[in-house]
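# after the sequence you'll find the predicted model.
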Amino acid sequence: MAEDRHGRLIDKPDLKSAMKYWHSQAARLGLTGAYSPHSLRYAWAQDAIRHYLAQGFCEKEALAMTAMDLGHGDGRGRYVAQVYGRKDGAD
């Protein structure tokens with residue numbers, strides 16, 4: 001797919017315009033509020049952390065693996081815990 005779009009998933013001249021396009025398309029499809037792309041990313045990250053813990057990884061390893069899955073480096077586990085591991089009380 002990226003080969004057809006000059007090596008990009010979204011063929012825009014820069015990151016800012018690609019992100020603007022992505023956000024407008026997501027909103028047009030109704031992906032807002034609890035279903036916004038970032039809300040879905042938070043939910044996915046929390047599921048990934050639980051998955052790795054269930055597989056027997058320690059919390060530090062689960063956070064590091066989730067950080068890598070999200071595109072962060074494995075050294076960002078603490079960041080993932082602080083940002084994506086928050087409990088909203090909705091469980």
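That came in fine, so what should we check first?
# so what are the domain limits for the protein?
Domain assignment of the chain by automatic domain parsing yields the ranges 1-30, 33-91.
# spatially central residue in this protein, please.
Nearest to the mean C-alpha position of the chain, by CA atoms, centre = their mean, lies residue 41 at 3.7 Å.
# export the domains of the chain as CSV, with columns for mean pLDDT.
What follows is the domains of the chain, written out as CSV (pLDDT from 0 to 100):
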stretch, mean pLDDT
domain 1-30, 80
domain 33-91, 84
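# and those domains, which is most packed in?
Neighbour counts (mean count of other CB atoms under 10 Å) averaged over each of these peak at domain 33-91, with a mean of 14. Quick note: C-beta positions are derived from backbone N, CA and C, even for glycine.
# can you give me the helices in the protein?
With DSSP state H as the criterion, the chain has helices at 15-28, 37-54, 59-69, 77-83.
# just so I know, which of those helices lies nearest residue 9?
helix 15-28 (8.2 Å; CB to CB).
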